[in-house]
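J.: coordinates only, sequence not included:
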């Protein structure tokens, strides 16, 4: 009886809504009247679906009411326009519940997408090279440090690449669609890569399935980066220069370093400290070793040894090109960093003993002074300490 009274009170309105969140809709036709009521006052309310069927078959005639209570899922916000849709409910209660769920499912809140701080780097999922593991799928943005087109023993072409990002570098191979992919990028470009990590000769290697240019990423920003604080290293470099007590040598070293951006170059293209800023880190390391040895062995000319350590790799800034590939310049390919460094020091009027120590810091047999021999071993010691693996 209460349900029939509720139907009569709402017959004049297509839908009503009260403080309990109740919503109704009615549909009228010459065959009968149908009403669907959904109560969503709290998370544990049950849905009351009321169906009224006409007795006489004419609008406005007396009707009988049947009601059933069906458990429902936690309520969601339902706009009146959804239930204002005209439904002709026939069949059992499961059909009515299906219609109600289909109508309310549209209004479930959708998760809001997260905003990226750097759209250029985060518009495509990035996988850091330092975190790559064997048999892992890679989907990231990298810079192409090296690119070579080679052939297999069977004569099939393939691309040999070296990909880099701020965390490291990894060799990569393109075996399929070589003609298509080769024309999409050049050495020094940033690319979006999809591939899989494999192990070849005890080294990780990336099997590239497809790639495309990443025009929204600066390739120079993808070069392997210095892990130590560059500001701290530059401050320590200034301290080491001030430790040279000879005024002439100190002024010469200060002028040489002022024109050499050590912070922007690696110490070697492929070996130790092979990342931007590695030249600064390596120079500070070698100079620190030489300074300590000069204090430990008073017979050594400490000013000469320290000055040679600070400028021994000065030629790297003239030998290597810009990041991320750091490809050798024309002079660097023909002369090398040692000769280019000696040329720069000669232009500043460096003494012969300083030039001799710099010239043989890669050749111990050519050393004719104790300072030159110490510089050679200090250079080797810092390189080994930076590259040899240590147990975890």
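T.: Happy to help now that I have it. Everything numeric here is computed off the predicted structure, so don't read it as measured data.

J.: Going along the chain, name the strands of the stretch 201-350 of the chain.
T.: 203-213 (DSSP state E, counting those that start in this stretch).

J.: Now do the helices in it.
T.: In the stretch 201-350 of the chain, the helices defined using DSSP state H, counting those that start in this stretch lie at 230-242, 247-258, 278-296, 302-311, 316-319, 330-347.

J.: residue ranges with poor pLDDT in the chain?
T.: 1-97, 99-126, 390, 392 (pLDDT under 70).

J.: how is it carved up into domains?
T.: 2-105, 119-222, 230-387 (automatic domain parsing).

J.: Nearest to residue 160 among the helices of the stretch 201-350 of the chain would be which one?
T.: Across the helices of the stretch 201-350 of the chain, residue 160 has its closest neighbour in helix 330-347 (19.5 Å, CB to CB). Yep, even glycine has a C-beta here, placed from its N, CA and C like the rest.

J.: how many degrees apart are the closest one and helix 247-258 in direction?
T.: On the basis of axes from the mean of the first three to the mean of the last three CA atoms, to 10 degrees, helix 330-347 is oriented at 160 degrees to helix 247-258.

J.: Can you name the element that comes right after helix 330-347?
T.: helix 352-359 (DSSP states H and E).

J.: quick one: contacts of that next one?
T.: Helix 352-359 is contacted from outside by 249, 252, 304-305, 307-308, 311-312, 314, 338, 341-342, 345-346, 366-369, 371-372, 375, using CB atoms under 8 Å, 6 or more residues apart in numbering.

J.: Would you work out how far apart the start and end of stretch 152-171 are?
T.: Terminal residues of stretch 152-171 are spaced 16 Å apart (CA to CA, to the nearest Å).

J.: Name the residues of it that are buried.
T.: Neighbour-count burial for stretch 152-171 flags 158, 159, 161, 162, 163, 164, 165, 166, 167, 168, 169, 170 (criterion: 16 or more other CB atoms under 10 Å).

J.: picking up where we left off before, looking at the helices of the stretch 201-350 of the chain, which is nearest to residue 142?
T.: Among those, the nearest to residue 142 by CB to CB is helix 278-296 (18.8 Å).

J.: Report the strands that pair with the strand ranked longest in the chain, each with its relative direction.
T.: Secondary structure of the chain per DSSP state E: the longest strand is strand 137-151. Strand 137-151 pairs in its sheet with strand 157-165 (antiparallel), strand 190-200 (antiparallel), by DSSP bridges.

J.: quick check: angle from the last one to strand 203-213?
T.: In other words, strand 190-200. Counting by the same axes, to 10 degrees, strand 190-200 lies at 160 degrees to strand 203-213.

J.: So which elements touch whatever helix or strand residue 374 lives in?
T.: Per DSSP H and E, residue 374 falls inside helix 370-387. Identification of packing neighbours for helix 370-387 by 3 or more CB pairs under 8 Å, 6 or more residues apart in numbering; DSSP states H and E yields helix 278-296, helix 302-311, helix 352-359.

J.: Name the residues that touch that helix?
T.: Residues contacting helix 370-387 (CB under 8 Å, 6+ apart): 267, 271-273, 282, 285-286, 289-290, 293, 299-301, 304-305, 308-309, 312, 353, 356-358, 360-364, 366-367.

J.: do the same with stretch 276-287
T.: Against stretch 276-287 from outside (CB under 8 Å, 6+ apart): 223-226, 228, 230, 233-234, 236-237, 240, 262-268, 272-273, 306, 309-310, 312-313, 316-317, 323, 375, 378-379, 382-383, 385-386.
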